[in-house]
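Colleague: this one's structure only:
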């Protein structure tokens with residue numbers, strides 16, 4: 001790998017010279033007017049970054065603490081081999097922690113710091129050395145190793161605008177806040193999964209404390225195909241890092257209105273499903289047309305549940321769409337909707353498989369295009385998703401995104417074979433994109449009328465049936481989702497899920513209470529959970545009470561309940 005890596009360098013000096021020249025852009029003054037500043041005390045100065053090559057094994061409670069079993073020791077031993085350098089924002093003095101309000105319904109949420117004037121970009125690298133679907137699978141550690149070598153060699157990590165953070169493990173409660181893991185969290189979330197999710201939470205804390213102006217989690221395994229129910233791996237994903245991040249921000253910091261912009265070439269069907277009935281989360285995904293690519297979804301008529309219609313915006317792109325087409329959609333559709341929605345935070349599911357060399361898709365995006373997209377979108381935080389051109393795309397794309405987020409000149413970041421104008425938007429495809437933009441702008445404009453009309457069609461409950469295929473683990477799942485059509489809140493959700501495997505079948509029942517639900521829905525949902533505990537047709541019954549931050553999993557065969 002070292003020999004191959006030599007041919008990837010940008011030509012030592014190009015980036016370094018640009019950075020020495022102080023080609024820094026004043027991104028703070030260029031912030032869009034729709035970005036709402038959280039009003040609170042000014043954040044503390046960012047801490048000094050120290051170089052240490054070790055991964056945290058004890059920085060957070062591991063799921064294995066709940067039920068310590070055989071594989072825990074070997075996984076933890078392997079995690080110790082990971083080399084990361086810096087200190088985590090979780091490493092605070094006891095005195096500091098005592099002065100922080102505890103997260104919980106009694107004491108309320110922490111208050112986000114004011115980030116005005118903060119200039120640093122937070123980064124975490126987590127290549128997950130000990131996790132892969134198979135040794136030759138496209139989703140493997142090399143996805144980040146080439147990028148890490150490139151960025152360190154070019155000296156980006158030494159810049160005063162960059163603050164590198166150390167990962168930590170997510171807790172079981174962080175996972176249970178989003179997923180019904182079958183049979184339990186440990187079965188679906190390995191230690192690398194917990195570190196990838198935990199890394200996002202470390203950066204979320206740094207962002208909310210005002211230590212950084214924005215952040216980029218360069219982590220794997222990815223997560224945006226993982227849905228509420230997790231029976232196994234689908235689309236290379238077991239748990240959803242972005243959704244875990246959203247619910248963490250809501251519970252710990254009281255953030256309510258969040259926009260997620262998914263720029264992966266594959267439709268972010270897992271993230272869409274998790275927030276489909278939530279009017280406070282705007283989900284926008286532009287991706288290669290689902291008629292031509294996995295997962296075969298993400299069409300314009302997928303607009304959200306009855307009380308959240310118009311809060312899901314899908315933008316199917318014709319195969320072969322270049323920079324010009326994607327940036328047109330961003331300018332004409334995505335940015336105007338974001339300006340109107342006025343989110344407290346903008347998150348980017350930063351998939352990089354729209355690149356023209358990616359082996360799993362058919363798009364024509366470049367590293368320059370990705371950097372411009374990031375600069376225009378100006379996300380508060382980006383989380384890596386897909387991207388499988390390990391040598392020809394990822395080092396360049398990631399470098400461009402980091403420079404754009406840090407407000408630095410990225411004009412010299414180009415692939416060796418890239419020439420301006422080599423990909424041109426076809427006239428027919430431009431017409432298709434103009435039609436998509438017009439349709440979705442109309443849907444957004446009429447969202448309140450759409451909600452009113454749809455809600456009037458349903459009585460006390462709204463039901464829909466779904467079929468979900470787990471392409472990695474070859475599981476066919478059948479679901480019936482029921483949403484309580486509450487007049488006072490978005491209503492609780494129940495999911496009856498039946499998974500067919502080659503060896504055995506599993507049926508589960510899950511009850512989910514939104515964080516901003518009314519007391520009546522919370523009580524009714526709790527009763528739904530208790531009623532199912534003695535139902536012989538279900539092997540597992542789950543309660544996800546986000547309002548109380550209480551999570552339960554009941555094994556009906558063993559008559560055992562786990563409380564997270």
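Modeller: Right, received. Where do you want to start? Computed from a prediction, not measured in an experiment: that's the story for all the values here.
Colleague: what residues are up against the residue nearest the centre of the chain?
Modeller: By Cα atoms, centre = their mean, the mean C-alpha position of the chain lies nearest to residue 242, the distance being 2.1 Å. By Cβ atoms under 8 Å, 6 or more residues apart in numbering, the residues touching residue 242 are 200, 223-224, 260, 271, 347, 349, 383. From N, CA and C alone the C-beta is placed, and that goes for glycine too.
Colleague: sitting in strands, which of those do you find?
Modeller: Counting by DSSP state E, the contacts of residue 242 place 260, 347, 349, 383 in strands.
Colleague: what helix or strand does the residue nearest to the centre of the chain sit in?
Modeller: Secondary structure from DSSP states H and E places residue 242 in helix 241-253.
Colleague: now stretch 179-195: how far from the chain's centre is it?
Modeller: Relative to its chain's centre, stretch 179-195 lies at 16 Å (Cα atoms, centre = their mean, to the nearest Å).
Colleague: now it: buried residues?
Modeller: Buried residues in stretch 179-195, counting neighbours by 16 or more other Cβ atoms under 10 Å, are found at 179-182, 184-186, 188-195.
Colleague: ends of it, how far apart?
Modeller: Stretch 179-195 stretches 16 Å from its first residue to its last (Cα to Cα, to the nearest Å).
Colleague: how many other residues sit next to the closest residue to residue 460 other than its chain neighbours?
Modeller: Spatially, and ignoring its direct neighbours in sequence, residue 460 is nearest to residue 485 (6.0 Å; Cβ to Cβ, 6 or more residues apart in numbering). Applying other Cβ atoms under 10 Å, we find 18 residues neighbouring residue 485.
Colleague: I'd say residue 485 and residue 457 touch.
Modeller: No. Contact criterion Cβ atoms under 8 Å: residue 485 and residue 457 do not qualify, at 9.8 Å.
Colleague: any regions of this protein where pLDDT drops low?
Modeller: By pLDDT under 70, the weakly predicted segments of the chain are 1-108, 129, 131-132, 140.
Colleague: can you map out the strands along the stretch 151-300 of the chain?
Modeller: With DSSP state E, counting those that start in this stretch as the criterion, the stretch 151-300 of the chain has strands at 162-164, 180-181, 214-219, 229-230, 258-262, 281-288.
Colleague: next, work out how far apart the nearest residue to residue 238 once chain neighbours are set aside and residue 215 are.
Modeller: Distances taken as Cβ to Cβ, 6+ apart put residue 188 closest to residue 238, at 4.9 Å, once the chain neighbours are dropped. For residue 188, the distance to residue 215 equals 26 Å [Cβ to Cβ, to the nearest Å].
Colleague: again with residue 529
Modeller: 36 Å.
Colleague: of those two, which one has the most company?
Modeller: Between residue 529 and residue 215, residue 215 has the larger neighbour count (other Cβ under 10 Å), namely 27 against 21.
Colleague: surely the more buried one touches residue 206?
Modeller: Yes. Assessed by Cβ under 8 Å, residue 215 is found in contact with residue 206 at 6.3 Å.
Colleague: shared neighbours, the two?
Modeller: With Cβ under 8 Å, 6+ apart as the test, residue 215 and residue 206 both reach residue 122.
Colleague: beta partners for residue 164?
Modeller: Beta-bridge partners recorded for residue 164 (DSSP bridges): residue 123.
Colleague: how close does it get to residue 377?
Modeller: 23 Å.
Colleague: show me what contacts residue 377?
Modeller: 261, 330, 334-335, 346, 348.
Colleague: which one of those residues sits closest to residue 315?
Modeller: Distance from residue 315 was checked for each of these by Cβ to Cβ. The minimum falls on residue 334, at 7.7 Å.
Colleague: circling back: turn the contacts of residue 242 into JSON lines, including neighbour count and distance to residue 451.
Modeller: JSON lines is the format used below for the contacts of residue 242 (neighbours: other Cβ atoms under 10 Å; distance: Cβ to Cβ, whole Å):
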{"residue": "200", "neighbour count": "29", "distance to residue 451": "31"}
{"residue": "223", "neighbour count": "30", "distance to residue 451": "29"}
{"residue": "224", "neighbour count": "28", "distance to residue 451": "25"}
{"residue": "260", "neighbour count": "27", "distance to residue 451": "20"}
{"residue": "271", "neighbour count": "30", "distance to residue 451": "21"}
{"residue": "347", "neighbour count": "25", "distance to residue 451": "23"}
{"residue": "349", "neighbour count": "28", "distance to residue 451": "25"}
{"residue": "383", "neighbour count": "31", "distance to residue 451": "29"}
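Colleague: quick one: which of these is nearest residue 114?
Modeller: Looking across these and measuring by Cβ to Cβ, the closest to residue 114 is residue 347, at 19.4 Å.
Colleague: that closest one touches residue 262, doesn't it?
Modeller: No. In this structure residue 347 lies outside contact range of residue 262 using Cβ under 8 Å: 9.2 Å.
Colleague: now for residue 302, how many residues are close by?
Modeller: 18.
Colleague: ok, for it, nearest residue in space, not its chain neighbours?
Modeller: Nearest one to residue 302, counting by Cβ to Cβ, 6+ apart, is residue 314 at 5.4 Å.
Colleague: doesn't that neighbour belong to a strand?
Modeller: Yes. Assessed with DSSP: H, G, I helix; E, B strand; the rest coil, residue 314 lies in a strand.
Colleague: residue 299 is in contact with that one, correct?
Modeller: Yes. Counting by Cβ under 8 Å, residue 314 touches residue 299, with 6.0 Å between them.
Colleague: the two: who's more crowded?
Modeller: Higher neighbour count among residue 314 and residue 299: residue 314, with 25 against 13, using other Cβ under 10 Å.
Colleague: that older thread, would you mind measuring from the residue nearest to residue 238 to residue 421?
Modeller: Separation of residue 188 from residue 421 (Cβ to Cβ): 46 Å.
Colleague: would you list every one of the strands in the stretch 351-500 of the chain?
Modeller: Under DSSP E, counting those that start in this stretch, the stretch 351-500 of the chain gives strands at 381-384, 461-470, 475-484, 493-500.
Colleague: would you turn the ones you listed into a markdown table with distance to residue 109?
Modeller: Listed next are the strands of the stretch 351-500 of the chain as a markdown table, based on distance: least, Cβ to Cβ, whole Å:
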| stretch | distance to residue 109 |
| --- | --- |
| strand 381-384 | 18 |
| strand 461-470 | 30 |
| strand 475-484 | 25 |
| strand 493-500 | 23 |
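Colleague: so which of the ones you listed is the most packed in?
Modeller: Counting by mean count of other Cβ atoms under 10 Å, strand 381-384 has the highest mean neighbour count of these, with a mean of 28.
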